[in-house]
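Undergrad: Next input, structure requested:
(2 chains, ligands or ions: 2)
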Amino acid sequence: MAEKTDKNTVVVEKTPTVTFTLDGREVTVPKGTTILLAAQSVGIDIPTLCWHPKLTIAGSCRMCYVEIEKWPKLAISCATEAMDGMVVYTDSDLVRKGRAAVIQFTLMNHPLDCPTCDKGGECTLQDLAFAYGVDNSEFDFGKHRFGATENDTTFDDVVVGPEIVLNRNRCIRCYRCIRANKEAFGEFDLGVFERGNHTEINVAPGRRLDNPFSGNLTEVCPVGALTHLDWRYKIRVWLTDTTSSICPFYSSGSNILLYTNQQQNKIYRATSRVNDDIDDGWLSDTTRFGYQVAMSPDRLKMPLIKKDGKQVEATWEEALKLIGKRLTEITEKKGRVCIGGLVASSQDNATLFSFSKLLRKVVGSNNIDFRTDYRMLPQTSGGAYDVLCSQPFSIVGINQSDVIVTLGSDLVKEHPNEYLRIRKAVNFGAVSVYAMNPYRTKSSDVAKKELVYQAGTEEILINSICLVAIEDGLIDSSLAGNLAECISPSTAAESAELCEVNLEDIRAIARALADGRQITFFAGEIVGRSINREAIAAALCNLHRLFGLSGRCQMNILPRHANSCGAVQLGLLPAPVLATKDMLSKLWGGWPESEPQTTDRMMANMKKDEIDGYMIVGANPIMLYPDREFATDALEGLDFLMVADLFETETTALADVVLPLASWAEYSGEYVNLEGRVQKTHQALKTDYDARPGYEIAALIAQQLEQPLFENDQTRDETITKVLAVDSTLPWPDEFLEVKHVADEVDEEYPLVLFVGDDSHHSGYLTEKSNSLTNFQAEPYVEISPTLAKRLGIDDGDSVRVESPVGKIVVPVRISHHINNDVVFVPMNFSGKQVNSLIMRKSRVDRVRISKVVD
Amino acid sequence: MILTPESVTRIKDAAALYPQAKSAILPAITIAYRQVGHLNPDLYGEIAGILDIPAVEVAEAASFYTMFPKEPVGKYLIQVCHNISCALLGAEGLLSYLQDKLDIEVGETTSDNLFTLVRVECLGSCATAPMMQINHDYYENLSRAEVDRIIEKLTAEAQSGGTL
Ligand code: SF4
Ligand code: FES
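TA: Ligands and ions are numbered 1, 2, ... in the order given. I've put the predicted structure just below:
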């Protein structure tokens, strides 16, 4: 009857209980609870080394000894279940003696180099040796030193990955790193080798420890055996303060702690601030090392204004005056509608809301959007896509599901946190995971089956699931209504053939959807970016209706950025949800009348000279807009461009005014995660130069336009809270929607499908400024399959030309088993190569060809 | 591919005997060792590919067992037990006798690549101490004369092109 749970979570279900005596008091816990967890639940602390709340039990350190009456020997509490009538002592003389002996054993080979060890001050072994008064091992033979022999030159520290350093002498063989790496992350780049005294943790032969979660291992290691280069030998931990913050990159908003030294005004590292509802205590490396972006020496330090075609340094006053003057000129000459804005969804609520008000209320233009990579479809309030995006979603809900289906999401790169959640569901429960992607991704490690479909056929694929359910009678036939008339092709077999998938696999998914008690079904960026996304969303709405998923499924198209949800909720869309729009027009006493424009429409209108003034905050469309030439033409054609950013970028280069933007670490702000949860960041750094938060910039501009935005910060924040409280969930359509197949034209000249996205150690255009993250990956590459490589006579690392009908780039090849033969992948995170010049606006599927560069 | 099609088949057959492919790691490395004469990371990769498990798990298991040489050894791998029974009955003497006779130190290989000499822990044949294992065979109740005879026989066998 017990719920699925990891073995270390106390099961609070209607399971039978046991009652036993713990240090003289009576304790009742569910049957199956270990003595350790029972003790923790009543506030008794038992020391541990190898036990970890999120991992399976190893029982390898014996630190957690307790005495049990009538038992012949001390028992390890982490692996001993409490039983009725047991009498347990956690701090008797015998226990203390036993633990002291264990510490002696543990110190047998441990070098006790605490003065120079980075773990000093936060090392479990150090604390325990202190607590039990054991200053060294009494064994009188010498300590085994790894690498101390002549044929092994890697004495003491070994750099085993781009960031991770291993010191095998300090290792106490608790195997937490191995368990975390294998169980929680599903990675196999680390192993245990040799045996006995010589047992060592090391990287797998020929590998580097460079998985996307590698940084966690430094937190998992109870001693200083695994540390990371970024932190090593830089500061003692007791000279730092911690500030709570959240991940500024991904949409789940993992909770982090920033370690700072205030005198030096410097962040030294980030660790997890374990939140079991969100991150479970694990961080992706991007989240962990991303703080370095804020500390980069390249940060923009002063405003720049364009004088005689050249950007020169200016004061804020000059810059703001110029902005005010130009915006007024444009509105007077050409009208309010000729001004637009793009405020990135990585910005905090206050910034997003302030710019929204600045444009809509002060300027009086309806042109505001938060999406750089925003393709052809306007966000039509109430469309199927919006319906899906507005549905409730909970991260822990993933772990309560018995069926998980993902569509079009390179999960580990887009949603690393949710990827780990799914892993956990697979490890600890009876869950079936189905991933559907246009190319093979790492999701195949967790999925029962990763279904690879022909790129651009998502809507037909979803149709085929519906059709097979009808044909096989998997669902109540009365539910099928007129669905078959709404979709084409109208048989499952035909649809499956178009998608190039096996009908049997479709059938398995249909069955799982029909039978699932609690289903999580979400689509990712491949859907979000698709020009066809409205049709895909319509197909998903049909599926939701057909299978009667209401009440037993959380379905969503997951947002990508730290504050995507905030941006939607606060109405930073051309057409916000009606309830939000009503609320805003009430608050602001009106709503601009002009037709709202998306980023894409604005770009098109810049070319037509219908948008003349544009404000960009924290976005880099020249690098990320899907069609570089188009974006460049558009922005170059503007009369006035203002860009606020952390760095000079290809976009700021075109601006008339560039403003230095404060980073998330430099002010306190609020962000809304993908569940709609509002979370806070706190100021960790003072800006020692003149960068300002976005909301302040908006307020200053409003001042220039002689219309103060808010009375004060408090009224602003109260308004934001009000707007966020608006229920913006949209009702599911009450009929089946039409989803017809439209054939894609394939240009034989360009036979390979191009996918772009994030590298597994980067997110967006800023992470390139983190040294640690560039240590993992510093330049773009094109990922191709071994078969394709062989066919083209290309080796790993060779330079190749990637050509599309509109552009070409030359990048090195990375051969990957995680990709199909007719697909290539190029990461978009590196500014050096103009990857978006390969992408053609309005194309449904981007196609390229590649050839070897012969020098 | 280093493994011959025959070894691959044998590994697959071994895997079929267990509910989990992982359980076949030891039989698989034994098969690989018997074919190649030693183990190396390339072989771990090949075995992992056949069993569809991570290569590191094969490497871990192989490293645990000292009985598998991880580097090329001579045609004959002489493994002399030096644990208690053998030690009492002169294992150390035997070892130094072999060192002198073959003109190598423990851990080395003769220049003609015929013999590698190593010291090993108990091989479970204490009743017949002192003993040694050469490739896959036990040689028991050893004396210097016996050792001379064995080395002579093996040298002759090698010269006549005999196989393991
Ligand atoms: S490296 Fe650290 S975490 Fe891994 S086994 Fe050693 S002590 Fe434990
Ligand atoms: S914590 Fe119980 S054995 Fe390590």
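Undergrad: So what's the gap between stretch A:23-42 and the chain middle?
TA: On the basis of C-alpha atoms, centre = their mean, to the nearest Å, stretch A:23-42 sits 36 Å off its chain's mean C-alpha point.
Undergrad: With stretch A:351-360 instead?
TA: From the chain centre to the centre of stretch A:351-360 is a distance of 26 Å (C-alpha atoms, centre = their mean).
Undergrad: residues making contact with that stretch?
TA: A:339-341, A:343, A:345, A:365-368, A:370, A:563, A:566-567, A:570-572, A:584, A:588, A:591-592, A:615, A:617-618, A:669, A:693-695, A:697-699, A:701-702, A:709-710, A:716, A:719-720, A:723 (C-beta atoms under 8 Å, 6 or more residues apart in numbering or on different chains). C-beta coordinates here come from the backbone N, C-alpha and C atoms, glycine included.
Undergrad: Make a ChimeraX selection of the buried ones in those residues.
TA: In ChimeraX syntax, the buried subset of the contacts of stretch A:351-360 is picked out as below (16 or more other C-beta atoms under 10 Å in any protein chain shown):
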select /A:339,340,341,343,345,365,366,367,368,370,563,566,567,570,571,572,584,591,592,615,617,618,669,693,694,695,697,698,699,701,702,709,710,716,719,720,723
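Undergrad: Among the contacts of stretch A:351-360, name the ones in helices.
TA: Those of the contacts of stretch A:351-360 mapping onto helices are A:566-567, A:584, A:588, A:694-695, A:697-699, A:701-702, A:716, A:719-720, A:723, per DSSP state H.
Undergrad: What parts of chain B come near chain A?
TA: B:41, B:44-45, B:54-57, B:59-60, B:63-64 (C-beta under 8 Å from any C-beta of the partner chain).
Undergrad: Which members of those residues are the farthest-apart pair?
TA: Using C-beta to C-beta, the two most remote members of these are B:45 and B:64, lying 18.0 Å apart.
Undergrad: isn't residue B:105 right up against residue B:99?
TA: Yes. Contact criterion C-beta atoms under 8 Å: residue B:105 and residue B:99 qualify, at 6.0 Å.
Undergrad: Let me see the contact set for the residue in the stretch 701-850 of chain A that ligand 1 sits nearest to.
TA: As assessed by C-beta to the nearest ligand atom, ligand 1 sits closest to residue A:772 within the stretch 701-850 of chain A, at 19.6 Å. Residue A:772 sits next to A:162-163, A:228-230, A:285, A:289, A:292 when contact means C-beta under 8 Å, 6+ apart.
Undergrad: and with 7 Å instead?
TA: Contacts for residue A:772 (C-beta atoms under 7 Å, 6 or more residues apart in numbering or on different chains) come out as A:163, A:230, A:289, A:292.
Undergrad: Quick one: buried ones out of those?
TA: Those of the contacts of residue A:772 that meet the buried threshold are A:163, A:230, A:289, A:292, by 16+ other C-beta under 10 Å.
Undergrad: Reformat these as JSON lines; add secondary structure, distance to chain B and pLDDT.
TA: Below are the buried ones among the contacts of residue A:772 laid out as JSON lines (DSSP: H, G, I helix; E, B strand; the rest coil; distance: C-beta to the nearest C-beta, whole Å; pLDDT from 0 to 100):
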{"residue": "A:163", "secondary structure": "coil", "distance to chain B": "19", "pLDDT": "95"}
{"residue": "A:230", "secondary structure": "coil", "distance to chain B": "25", "pLDDT": "91"}
{"residue": "A:289", "secondary structure": "helix", "distance to chain B": "24", "pLDDT": "97"}
{"residue": "A:292", "secondary structure": "helix", "distance to chain B": "30", "pLDDT": "96"}
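Undergrad: And for the closest residue to residue B:10 other than its chain neighbours, the neighbour number?
TA: Nearest residue to residue B:10, sequence neighbours excluded (C-beta to C-beta, 6 or more residues apart in numbering or on different chains): residue B:31, at 5.0 Å. Neighbours of residue B:31 under the rule other C-beta atoms under 10 Å in any protein chain shown: 22.
Undergrad: Check what pLDDT residue 118 gets.
TA: Using chain A. As predicted, residue A:118 sits at a pLDDT of 94.
Undergrad: could you do chain B instead?
TA: For residue B:118, the pLDDT comes out at 95.
Undergrad: And what about it, helix, strand or coil?
TA: Judged by DSSP: H, G, I helix; E, B strand; the rest coil, the three-state class of residue B:118 is strand.
Undergrad: May I have the phi/psi pair for the closest residue to it other than its chain neighbours?
TA: Distance criterion C-beta to C-beta, 6+ apart; nearest residue to residue B:118, sequence neighbours excluded, is residue B:79 at 5.3 Å. Torsion angles at residue B:79 (phi, psi; degrees, to the nearest 10) stand at phi -120, psi 110.
Undergrad: from what I can see residue B:79 touches residue B:133, true?
TA: Yes. Residue B:79 lies in contact with residue B:133 (C-beta atoms under 7 Å); the separation is 4.5 Å.
Undergrad: Contacts only, for residue A:774.
TA: Residue A:774 neighbours (C-beta under 7 Å, 6+ apart): residue A:768.
Undergrad: Helices of the stretch 551-700 of chain A, start to end?
TA: All helices of the stretch 551-700 of chain A, identified by DSSP state H, counting those that start in this stretch, fall at A:564-569, A:578-588, A:599-607, A:621-624, A:628-636, A:694-704.
Undergrad: tell me the most buried of the ones you listed?
TA: The highest average neighbour count among the helices of the stretch 551-700 of chain A, using mean count of other C-beta atoms under 10 Å in any protein chain shown, belongs to helix A:564-569 at a mean of 27.
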